[in-house]
Structures are given as structure tokens and as C-alpha cells.
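**Student:** kindly generate the corresponding structure for this input.
(chains A, B, C and D)
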2 protein chains.
Amino acid sequence: MPPAHSSEEQFVLHWGEMSSRWGINRSVAQIHALLYLSEEPLNAEQISERLSLARSNVSNSLRELQAWGIVRVVHQLGDRRDYFESVSDVWDMFLTILEQRKRREVDPTTEMLRECVAQHEAQGRDAFALARMRSLLELLEMLAAWYGQMRSLSPASQRRVLKMGRKLTKIVGDVRPIRKGRRS
Amino acid sequence: MPPAHSSEEQFVLHWGEMSSRWGINRSVAQIHALLYLSEEPLNAEQISERLSLARSNVSNSLRELQAWGIVRVVHQLGDRRDYFESVSDVWDMFLTILEQRKRREVDPTTEMLRECVAQHEAQGRDAFALARMRSLLELLEMLAAWYGQMRSLSPASQRRVLKMGRKLTKIVGDVRPIRKGRRS
DNA sequence: CATTAATTTCTGTAATTACTGAAATAGCAG
DNA sequence: CTGCTATTTCAGTAATTACAGAAATTAATG
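**Tutor:** Reported below is the predicted structural model:
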């Protein structure tokens, strides 16, 4: 075991703690953190040792990370074990996670809403509820459309949009940088 | 109880199912869904009945919804019970949730990263790990900056940015709407 | 100040989710 | 085919989280 609490370990540990807020489990997050900081790929055995996790747990967690698309398997010559490495580009990683979250969290919700709206229209009873469902659906569709367009830009342009910020303010012609007094 | 499986109920039920993906619990989601579809505010008793949940559960869930800022308490004249209603504007609701998630999920992570980077610099051992932590931190800070600027726009302008989409493509001067062949 | 209604806090239980260790499977080397 | 190593699946256990019901608190009314 490496010297207790190197700052790499700090990071791995903290990343693991954050995990619950992000809706993934600790093992998965810790493994990802470890791989992200590691210059060379690691195999399951090494990960299992470093983090004191059961091999089976490591195996499953690695599978999940691969499903998310942020960890890849690579091979060393003359070694038949699987080695794993994290996607290195943070922007790429961010987009990948965003895409996955959209797929898992937003898309099914949109689909469900569409069905609810359709069904509600058919039996057409409560106009108020219908209107509310519709505006929710509209929002989700607008967001999805925007996301789709951003995604169609080259990574370079995506970064550019992100860095534009202030300039956007002018383009969009906003005179009043409103100061919402809401809550607190 | 309304006729089994009106589409309002469908919505409430489905919303409850989605909840786990969104990282909140079923009761909270169901209550929010119910309030969102309800034209008039409801009190805890009514909610408890409608959804067959324990009063205490309803009470706690309502508190959580208020903490999220998407449900408010209102009062009827001559009735000392608390009545609750959902924020009605979906855009407002969206921003509120985004803000909260940033506060709970992103900000602490950023803070933690800053500490890790500082500490790592101090003891300055593994340059590779340090570089990776730095680029992660950079990304988070960039996103936070962008978010801050968007938030400073008036709601109207925010919507405008959202609807711009295609136009942004030109402003940002992207010629090649890249088609990333990544995965499937 | 006592009574009653409304709400919250607390405690135990149920349900879910995460994890381990053992057993099974897959795949390569001789 | 046989033995060996890496990986996965599975079944049981531990830990966490969600929830119900009772008890306690708060607040209003007469």
C-alpha cells in the first residue's frame, strides 16, 4: 500500500464520497478516479488491491464504467490480462457523460410524457393538467433540440461557444442583466 | 379517489418511477407531480390520501421539495392548514433545479478539487496526476463561468439563446458539422 | 390556561442497493 | 485434453435508504 493519504488517494477517496450525489456508487467512482490519475493502464487485480475491493466488485464496476463510455480496455503485449484506462480528454469525458445521462434520465421521461399527453388528449378530461403536461414536454423537446445542435458542432466550436459567454449576452441583445432576488 | 388510472395518475406514477434515475425518491417525485398537475393547492392530508402515503412521509417530502425551491406553501383564508403548490413556470422550474444540482453536485466537487490540486502542488510528487486534476478543475470552472453568465441574462434572453441553436453554428463559424462515428 | 388541530420528529421495520467470497465459466499453453 | 489463469456469475450478507406509525411539539382557539 502506498504512503497513507498521498493526495492521489485523497482525490480517489473524495471522488468516491461525491459519487452518491452524482447517482453512482462509491466503488465505480473510486475506480474511475484511480484510472484517471494513473499514467499507465491498470488491471483488475491491481485495482482490487489498491482500493481493497473484491475482484468481482471491480469487475462489475469496470463494466459499468465501460458502459458509460469513460473507461476503455487495452492490452499489453505478452500479457493476457485486461488493462483499463480512463478517457483522458476532460471535454470528451464531459460530453460522454452528458450524453449518457440524457439517454438514461431525460429521453425516457420525454417518451413517457408524450404518451401521457396523447392519452390525455384522447380522453380529454382535465384541461389544466393537460396544459401543464404539454408545457413540460415542450421544454424537454426544446432542450433536446438545443443539445442536438451543440453536439453537431466540432469539439473546437463547442469549446468556443462555452468560452463565448459574455459575447453571447450582446448577440442576444440583453440590456438588463436581471438580478433575480429569489430566495435568500 | 378518482377513477383508477386517469392519465393524471399515470403521470404521477410514471414520474415516481423516473425519480430513481433522477436521484430523488419516489414519494418526493409523486408529490411534486401531483402538485404540478393540480389547479388548486393541496394540503398534506389530501396529498397523503391521494397517494396513500404516511403523513410523516408527506411532511418530509414536502420539506424537501421546498428546499429544492419547486414547491411553495400558500394559505387559504380561514384555514390554518398549510397548502402547497408547485412552481408553475417550467423554465423557472428547470433553472431552479439546475441551480440546486450545481450547488449540491458540482460546487463541492470543484472545491474538493481545488484543495487536492493545492495540496498536491505543495508536496509536488506525481506530475501526471497533478496535470489531470488541473484539467478537470479547469473544465468545472469553465462550465461554472458559462453557467453564471447565462444565469445573469433575463429569462427572455435565456430562452432566446436556447432557441438560437442553428444560428450559433454560424456565429461560431463551424463549417464542418462533424459526424462523430463514436460507438454504434 | 386548557383543548384541539396541524405538523414535525423519532424509532423501528421494510425494501433496496452495494458488496463480498465462492463457484462457474472462458480461454490459453503445453 | 489437461492444467492453469483471468474473468464473470451467483448467492448470501452488509449497509443504506425509504417509509410507516407513534410520540412529541407547535400553534391557534375559546
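
**Student:** okay, now A:R160: neighbour count?
**Tutor:** Neighbourhood size, A:R160 [other Cβ atoms under 10 Å in any protein chain shown]: 16. Where C-beta positions appear, they are placed from N, C-alpha and C, glycine not excepted.

**Student:** from B:M142, how far off is it?
**Tutor:** 12 Å (Cβ to Cβ, to the nearest Å).

**Student:** please apply the same query to A:W146.
**Tutor:** Distance of A:W146 to B:M142, given as Cβ to Cβ: 19 Å.

**Student:** what does A:E138 give?
**Tutor:** A:E138 is 30 Å from B:M142, by Cβ to Cβ.

**Student:** of those two, which one has the most company?
**Tutor:** Neighbours per residue (other Cβ under 10 Å) separate A:E138 from B:M142, with B:M142 holding more: 17 against 13.

**Student:** how is chain A carved up into domains?
**Tutor:** A:7-86, A:90-155 (automatic domain parsing).

**Student:** output those as a markdown table; include the columns mean pLDDT and distance to chain B.
**Tutor:** Formatted as a markdown table, the domains of chain A follow (pLDDT from 0 to 100; distance: least, Cβ to the nearest Cβ, whole Å):
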| stretch | mean pLDDT | distance to chain B |
| --- | --- | --- |
| domain A:7-86 | 96 | 4 |
| domain A:90-155 | 94 | 4 |
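
**Student:** so which of those gets nearest B:R72?
**Tutor:** domain A:90-155 (15.8 Å; Cβ to Cβ).

**Student:** starting at the chain centroid, how far to the closest one?
**Tutor:** From the chain centre to the centre of domain A:90-155 is a distance of 17 Å (Cα atoms, centre = their mean, to the nearest Å).

**Student:** which residues in chain A form helices?
**Tutor:** For chain A, helices defined by DSSP state H occupy the ranges A:7-22, A:26-37, A:44-51, A:55-68, A:90-101, A:107-123, A:127-151, A:155-164, A:166-171.

**Student:** look up phi and psi at A:I24.
**Tutor:** Dihedral angles phi and psi of A:I24 (degrees, to the nearest 10) take the values phi -130, psi 170.

**Student:** for chain A, what lies in contact range of DNA strand C?
**Tutor:** Residues of chain A found near DNA strand C (Cβ under 7 Å from any atom of the strand) are A:24-28, A:52-57, A:60-61, A:80.

**Student:** swap the cut-off to 10 Å and go again
**Tutor:** On the criterion Cβ under 10 Å from any atom of the strand, DNA strand C has as its neighbours in chain A the residues A:16, A:19-20, A:23-31, A:48, A:51-61, A:64, A:78, A:80.

**Student:** got the contact list for the residue of chain A most remote from its centre?
**Tutor:** Within chain A, the residue lying farthest from the chain centre (Cα atoms, centre = their mean) is A:R125, at 38.6 Å. Residues in contact with A:R125 (Cβ atoms under 8 Å, 6 or more residues apart in numbering or on different chains) are B:6-7.

**Student:** do A:L13 as well
**Tutor:** By Cβ under 8 Å, 6+ apart, the neighbours of A:L13 are A:Q30.

**Student:** tell me the spacing between it and A:L65.
**Tutor:** Relative to A:L65, and taking Cβ to Cβ, A:L13 is found at 18 Å.

**Student:** quick one: name the residues of chain A near DNA strand D.
**Tutor:** Checking chain A against DNA strand D by Cβ under 10 Å from any atom of the strand, the hits are A:19-21, A:25-26, A:43-48, A:54-63, A:66, A:73, A:75, A:79-84.

**Student:** ok, 6 Å please
**Tutor:** A:20, A:43-44, A:55-56, A:59-60, A:80-82 (Cβ under 6 Å from any atom of the strand).

**Student:** among those, who's most crowded?
**Tutor:** A:A44 (20 neighbours).

**Student:** narrow the residues of chain A next to DNA strand C to just the buried residues.
**Tutor:** Among these, those that count as buried by neighbour count (16 or more other Cβ atoms under 10 Å in any protein chain shown) are A:16, A:19, A:24, A:26-31, A:48, A:51, A:53, A:57-58, A:61, A:64.

**Student:** between those, which is closest to B:E8?
**Tutor:** The nearest member of these to B:E8, counting by Cβ to Cβ, is A:I24 at 32.7 Å.

**Student:** what distance do you get for that closest one to A:A127?
**Tutor:** A:I24 is 41 Å from A:A127, where distance means Cβ to Cβ.

**Student:** residue closest to the middle of chain A?
**Tutor:** What sits nearest the mean C-alpha location of chain A, by Cα atoms, centre = their mean, is A:I97, with 2.7 Å.
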